[in-house]
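*Asks:* Everything below, folded, please.
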Amino acid sequence: MSLTLMTSASSTPDPTSPEITPQTQSITPPDPAALAEKNRQEEHVLKKRFIGMVLGLVFAHVYVALALAYSYMDNFNHLHTCWLPLLGAFICGMIFVFHVSIS
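*Replies:* Model prediction:
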């Protein structure tokens, strides 16, 4: 089975329409040295982002552990929380999320 496309337009080109010419530009292969340098730079950036992710996650856990260590209950069963390490955990968590989101 074969399909044929039939049009009502004439076979002569319209003088008002822009001419369609095939592109005759030659495609040059990319320079291997430039590609190697670009890959090296991208790997360096990725390494920095990975280090930022790991440090942000580790320090967030350290700060949560410090907040738990410095929290205590008094004689009236009131919980006293040290808020400064929790702020540090929040900031380190945001650093982790930032590095995850840009990777």
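*Asks:* contact partners of the helix or strand of the chain with the lowest mean pLDDT?
*Replies:* Taking mean pLDDT, DSSP states H and E as the measure, strand 79-80 is the helix or strand of the chain with the lowest mean score, a mean of 90. Residues from elsewhere that reach strand 79-80, judged by CB atoms under 8 Å, 6 or more residues apart in numbering: 71-74. Placement of C-beta: from N, CA and C, glycine included.
*Asks:* can you give me how far that strand is from the chain middle?
*Replies:* Strand 79-80 sits 40 Å away from the centroid of its parent chain (CA atoms, centre = their mean, to the nearest Å).
*Asks:* in its sheet, what does that strand sit against?
*Replies:* strand 72-73 (antiparallel) (DSSP bridges).
*Asks:* got any ranges where this structure has weak pLDDT?
*Replies:* 1-25, 103 (pLDDT under 70).
*Asks:* quick one: the helices in it?
*Replies:* In the chain, the helices defined using DSSP state H lie at 32-70, 83-102.
*Asks:* could those go into JSON lines alongside distance to S26 and mean neighbour count?
*Replies:* Formatted as JSON lines, the helices of the chain follow (distance: least, CB to CB, whole Å; neighbours: other CB atoms under 10 Å):
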{"stretch": "helix 32-70", "distance to S26": "18", "mean neighbour count": "13"}
{"stretch": "helix 83-102", "distance to S26": "37", "mean neighbour count": "15"}
